[in-house]
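*Asks:* got a structure for you, letters missing:
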């Protein structure tokens, strides 16, 4: 082979080496750019997911706080309502106790009057009148108690509704 052929061949080999060097350097660079692009996109997706998770956690915490506040408010309202109901029941009990005591006194007076009539020997017409009077008093007392409970209960119900 001639020197010229060897030189041409060496020049060709140098060019091939340069082209190969460019290709070797360029392919990993392009591959690295593609990998970095994919990593960047994945990082954006992960960041978005993390932001959504954080937002959901904040919403859950807010909901828990609101639930606790509502539960406490309802408990306070129930305590106030129960106090009012207790007051109404105590007032009704006291009123009924007073009426029962008054009726017991009236019945004692009627019994004493009835006993006095029996001992006095009055006729049966006076006894019948006394019995009818006693029955009328008992009926009036019972109707008075029922009327008091109905009227008093509805007034307290209106006050409770306020």
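*Replies:* Arrived safely. Everything numeric here is computed off the predicted structure, so don't read it as measured data.
*Asks:* what does the average pLDDT come to for the strand or helix carrying residue 101?
*Replies:* If you go by DSSP states H and E, residue 101 is part of helix 3-120. The predicted model assigns helix 3-120 a mean pLDDT of 87.
*Asks:* tell me what that helix is packed against?
*Replies:* Helices and strands touching helix 3-120, by 3 or more C-beta pairs under 8 Å, 6 or more residues apart in numbering; DSSP states H and E, are helix 124-161. (Each C-beta comes from the backbone N, C-alpha and C, glycine too.)
*Asks:* thinking again about what came up before, now find how far off-centre the helix holding residue 101 is within its chain.
*Replies:* When distances are taken as C-alpha atoms, centre = their mean, to the nearest Å, helix 3-120 is centred 14 Å away from the chain's centroid.
*Asks:* in this structure, which residue is closest to the centre?
*Replies:* Centrality entry for the chain: nearest residue to the mean C-alpha point is residue 71, 4.3 Å, by C-alpha atoms, centre = their mean.
*Asks:* List the residues that contact that one.
*Replies:* Residues near residue 71 by C-beta atoms under 8 Å, 6 or more residues apart in numbering: none.
*Asks:* That one and residue 22: what is the separation?
*Replies:* 73 Å (C-beta to C-beta, to the nearest Å).
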